[in-house]
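A.B. asks: 3D, please:
(one chain, ligands or ions: 1)
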Amino acid sequence: MATVPARPAPFAFDPDTTALLVIDMQRDFLEPGGFGETLGNDVGQLRRVIAPTAALLAGCRAAGLRIIHTREGHLPDLSDCPPAKLLRGAPDLRIGDPGPNGRILVRGEYGHDIVDELSPLPGEPVVDKPGKGAFYATDLAELLTGTRSLVVAGVTTEVCVHTTVREANDRGFECLVLADCVGSYFPDFQRVGLEMIAAQGGIFGWVATSTEFLAALPARHLEEIS
Ligand code: C5J
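C.D. replies: Got it, this is the predicted structure:
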């Protein structure tokens with residue numbers, strides 16, 4: 001077992017039963033012209049997550065940790081998009097409308113894919129999800145058979161990261177959320193979102209930084225892989 005100095009308490013994990021889950025690092029959320037910006041958000045708030053997450057991916061790949069990516073989006077006919085999600089709010093462009101990066105939040109479009117800096121490598125599963133939570137209407141639970149701990153990165157902290165970590169917690173996974181590798185369009189939501197996870201004795205998870213996590217990956221494990 002390895003141990004990370006996390007909040008509210010040290011997080012113990014076995015690298016052999018731990019997976020890194022990178023949530024929705026898609027152009028539609030992180031680049032101009034996508035779903036996030038059309039809702040009125042400043043995508044610059046999320047882009048600070050890219051560099052630490054790239055370093056995290058490199059470290060986890062070197063350590064042989066299992067890595068799974070997710071993408072939020074819908075079928076081209078939008079049959080998997082609930083009407084309330086389609087019609088909610090007053091965005092400039094709605095889900096399915098043509099935008100500068102292709103149809104907004106539609107699978108197969110340029111904007112739906114993961115940003116170049118964090119491209120999945122061959123063999124790293126990419127889970128396409130229609131909802132905010134990564135377990136809803138996906139095969140993520142089956143992919144995680146034998147996994148006990150999840151290290152979580154991605155966007156946005158208070159929406160898809162929170163929903164997924166709550167779902168994972170209810171399914172018995174122990175979740176460590178990396179504060180510098182998750183991002184929100186709203187600084188207050190980022191702060192409070194992280195506080196909510198670790199409050200009440202870690203009500204549904206633990207919080208640490210990627211530096212703390214990478215420092216805790218056992219050297220023995222790193223040597224075995226290289
Ligand atoms: C949102 C997400 N914010 N990936 N999606 O709509 O958090």
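
A.B. asks: and the top strand by length along the chain, what does it pack onto?
C.D. replies: Secondary structure of the chain per DSSP state E: the longest strand is strand 174-183. If you count contacts as 3 or more CB pairs under 8 Å, 6 or more residues apart in numbering; DSSP states H and E, strand 174-183 packs onto strand 11-13, helix 50-63, strand 149-155, helix 162-170, helix 187-202, strand 206-208, helix 210-216. Every residue, glycine included, has its C-beta placed from N, CA and C.

A.B. asks: for those, which one sits closest to I104?
C.D. replies: Closest approach to I104 among the helices and strands packed on strand 174-183 (CB to CB): strand 149-155, 16.1 Å.

A.B. asks: Report the angle between the closest one and helix 50-63.
C.D. replies: Angle, strand 149-155 to helix 50-63, by axes from the mean of the first three to the mean of the last three CA atoms, to 10 degrees: 150 degrees.

A.B. asks: Alpha carbons only: can I get strand 149-155 in CSV?
C.D. replies: What follows is strand 149-155, C-alpha atoms only, in CSV (Å, rounded to 0.1, in the frame of the first residue of the first chain):
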residue,chain,number,x,y,z
SER,A,149,-9.4,3.2,-5.6
LEU,A,150,-10.0,6.0,-8.2
VAL,A,151,-7.7,9.0,-8.6
VAL,A,152,-9.9,11.7,-10.3
ALA,A,153,-9.0,14.5,-12.6
GLY,A,154,-11.1,16.5,-15.1
VAL,A,155,-13.8,19.1,-15.5
